[in-house]
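Asks: Have a look; sequence and predicted model below, questions after that.
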Amino acid sequence: AAFQLAESNKAILLLEALNDNTAKSSAGIPDSLLQQEQHLRREIAFLEQKKAELQNKGARHSSKTDRIDRELFELYDTQQALIRRFEAEYPRYYQLKFDTQLSSIAQLQQQGLDSGAALIEYFVGEQSIYLFTIWAGEYHWQQLPKDPNFATDIHRLRRFLQQVPQPQGIAQDFRDFQAIAHRLYRDLIEPAPLPASIQRLTIVPDDLLGYLPFEVLLRRPADTTRVDFSPQNLAYLIEDFTIAYSYSASLLLQNQRAPRSATARQNFIGFAPQFAGSPSIADNLRGCEAGDLAALRCNEREVTVLRDLLGGSLYRGEAASKASFVTEVAQYRILHLATHACVEDQQPMLNKIFFSDDALTNYELFHLDLGAELAVLSACNTGMGTLLRGEGVMSLARGFFYAGCPSALISLWSVEDCTTADIMERYYRGLKAGQSKDQSLRTAKLDYLATADRLRSHPFYWAPFVQFGDPVAMD
C-alpha cells in the first residue's frame with residue numbers, strides 16, 4: 001500500500017501523456033484525424049511559447065497576451081471536441097487512454113527486473129525518507145530518519161560537482177566532497193538490504209534526489225591527506241553497480257512495453273551545430289553560463305566518429321538546423337544532439353536545446369511525435385530544471401519522453417566539451433557491442449577513470465551523464 005501511494009505521487013502527468021500517445025497510435029484512428037490533432041497541438045505549443053516569452057519580458061497583461069489567450073481558447077475548444085470524438089467513435093482509444101493503473105510490486109518483479117537487478121525507490125517526506133527495495137522474489141520497505149542537513153548536503157554536493165575544478169581551495173573542497181558523498185551513501189544506499197547477487201540498480205528518485213548522480217556516492221571515507229579523485233582513493237558506488245534511473249516504476253514498465261515506431265528504421269542521426277562565440281578555456285562548456293553560445297571544439301568530431309561507428313546521417317555546422325531535426329528525426333532509432341542547452345528556472349517549458357538557426361523548447365518537444373528508441377542529449381543541464389513536487393524535475397529530457405522516446409542519456413550539469421566527446425565514443429562502442437544502455441555508460445565512465453589522472457578523475461568530468469528510462473540493450 002505504501003509503494004502504491006509513493007507511485008501515485010510520481011510523474012502522473014507524464015504517465016497520462018504517454019498513455020494518451022499509446023492510445024492514439026493503437027486505437028485505429030484514421031491518419032487524417034491524427035494529423036489534424038497533431039497540427040492543433042503544434043499550433044497550441046507555438047502560442048503557449050509566445051505567451052511565455054512575453055511574460056518573461058514582463059508583459060503579463062497586454063493586448064498581445066490577450067489576443068494569444070483568445071486564440072488559445074479557440075484552439076483548446078477545437079482540440080477537446082476532436083478528443084471527445086476519438087473517445088466516442090474509437091472505444092479502444094478511451095480504454096487505453098484511461099488505463100492509468102499503477103505498476104504493482106509483483107509486476108515489477110515479473111516484468112521489469114532481470115536477474116541480478118533491483119529497483120530502489122524513494123519517497124521524501126517532511127521528517128522521514130521512505131525506501132522501497134525490490135528484486136526478483138523479494139521486497140523491503142523502510143522508514144528512515146531524514147537528516148536535518150539533507151537538503152543542505154545535496155545543495156553543497158551539487159555545487160561541488162558542477163564547478164570546474166580550480167587549484168584554489170581544492171583541498172577543502174575534496175574533504176567536504178568525500179564527507180558528504182559518504183554520508184549520503186550511508187543514509188540512502190547502505191540501509192537497502194541488497195543481496196550480493198545484485199549488480200544493477202534502477203533508482204527512482206524523489207524531491208531533491210532527482211538532482212543527484214548516485215554513482216558518485218562513496219562506500220567508505222577516503223584518505224584526505226592528499227587530493228586524489230581517482231577510484232584508487234575514492235570508493236565510488238559506480239564500481240559496485242550499474243545504475244539507471246526512472247521517473248517512476250510505472251513509467252519504467254510503460255517504457256519497456258511501449259510500441260516502437262515502424263518508420264524509425266535507420267540507426268543514428270547526429271546534430272553538431274556551430275556557434276559564433278569565441279572558444280576559450282572558460283567557455284569550453286556546452287551551456288549558457290557565459291551568455292553567448294561559445295564555439296565548440298569537439299562536437300563535430302563527436303558525431304562524425306559515432307556516425308562512422310553506427311552508420312546513419314550527420315548534420316554539422318549550418319546544416320544542423322532546427323528544421324532538419326523536426327523533418328528528419330522520425331526515421332531514426334537514435335537521436336544524438338551535441339550542442340548547447342539552456343535551463344529557464346522560472347519558465348521550465350522554455351528550456352532550450354540549440355541548433356544552428358534556432359532553439360527547440362519544451363513547448364515544441366511536448367507536441368512532437370518521435371519514433372526513436374534513444375535520445376542522447378550531449379549538452380549541458382539537459383536533465384535539470386524546476387522541481388515540481390510529485391512530478392519531478394521539469395527538464396529538457398522530460399520533453400523527449402513526452403514526445404515518445406522511452407530512453408534518454410541526459411546531463412545534470414554543464415559538461416566539458418572534449419571530455420564529453422570521448423565519453424560518448426566509449427558509450428556507443430558499448431551499445432554496438434550489445435551492452436545495455438546503463439552498462440554502456442558505466443563502462444564508458446570506468447574506462448575514462450582508468451586513464452585519467454587524480455585531478456581529471458574529478459566527478460565534474462565523468463559523472464554528469466545519467467541513463468533515464470528503458471535501459472535494455474538495442475539490437
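Replies: Perfect, I can see it now.

Asks: export stretch 239-258 as CSV, just CAs?
Replies: Presented in CSV, the C-alpha positions along stretch 239-258 are these (Å, rounded to 0.1, in the frame of the first residue of the first chain):
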residue,chain,number,x,y,z
GLU,A,239,32.5,0.5,-9.1
ASP,A,240,29.9,-1.8,-7.5
PHE,A,241,26.8,-1.3,-9.6
THR,A,242,25.4,-0.4,-13.0
ILE,A,243,22.9,2.4,-12.3
ALA,A,244,19.9,3.6,-14.3
TYR,A,245,17.1,6.0,-13.4
SER,A,246,13.4,6.3,-13.9
TYR,A,247,10.7,8.9,-13.1
SER,A,248,8.6,6.1,-11.6
ALA,A,249,8.4,2.3,-11.5
SER,A,250,5.2,2.5,-13.6
LEU,A,251,6.9,4.5,-16.2
LEU,A,252,9.8,2.0,-16.3
LEU,A,253,7.4,-0.7,-17.2
GLN,A,254,5.5,1.5,-19.6
ASN,A,255,8.7,2.4,-21.5
GLN,A,256,9.7,-1.2,-21.8
ARG,A,257,6.3,-2.1,-23.2
ALA,A,258,5.9,0.9,-25.5
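
Asks: Return the distance of it from the chain's centre.
Replies: Between the centre of stretch 239-258 and the centre of its host chain there is 12 Å, according to CA atoms, centre = their mean, to the nearest Å.

Asks: buried ones in it?
Replies: For stretch 239-258, the neighbour count (16 or more other CB atoms under 10 Å) marks 241-255, 258 as buried. In this view, the C-beta of every residue, glycine as well, is placed from N, C-alpha and C.

Asks: Closest to residue 399 out of these?
Replies: residue 247 (12.9 Å; CB to CB).

Asks: That closest one belongs to a strand?
Replies: No: note on residue 247: no strand contains this position according to DSSP: H, G, I helix; E, B strand; the rest coil, which reports coil.

Asks: Point out where the stretch 51-200 of the chain drops to low pLDDT.
Replies: 59-61, 96, 98-100 (pLDDT under 70).

Asks: 90 - rerun?
Replies: 51-69, 71-72, 75-76, 79-80, 82-104, 110-115, 137, 163-169 (pLDDT under 90).

Asks: Tell me which stretches of it form helices.
Replies: In the stretch 51-200 of the chain, the helices defined using DSSP state H, counting those that start in this stretch lie at 63-89, 91-97, 105-107, 150-161, 170-188.

Asks: Which stretch among those approaches residue 38 most closely?
Replies: helix 63-89 (10.6 Å).

Asks: and the closest one, how far from the chain's centre?
Replies: Here the centre of helix 63-89 is set off from its chain's centre by 30 Å, with CA atoms, centre = their mean.

Asks: quick one: the nearest residue in space to residue 270 that is not next to it in sequence and residue 160, what's the gap?
Replies: Of all residues not flanking residue 270 in the chain, residue 303 sits nearest, at 3.3 Å (CB to CB, 6 or more residues apart in numbering). As defined by CB to CB, to the nearest Å, residue 303 lies at a distance of 31 Å from residue 160.

Asks: Good, wrapping up.
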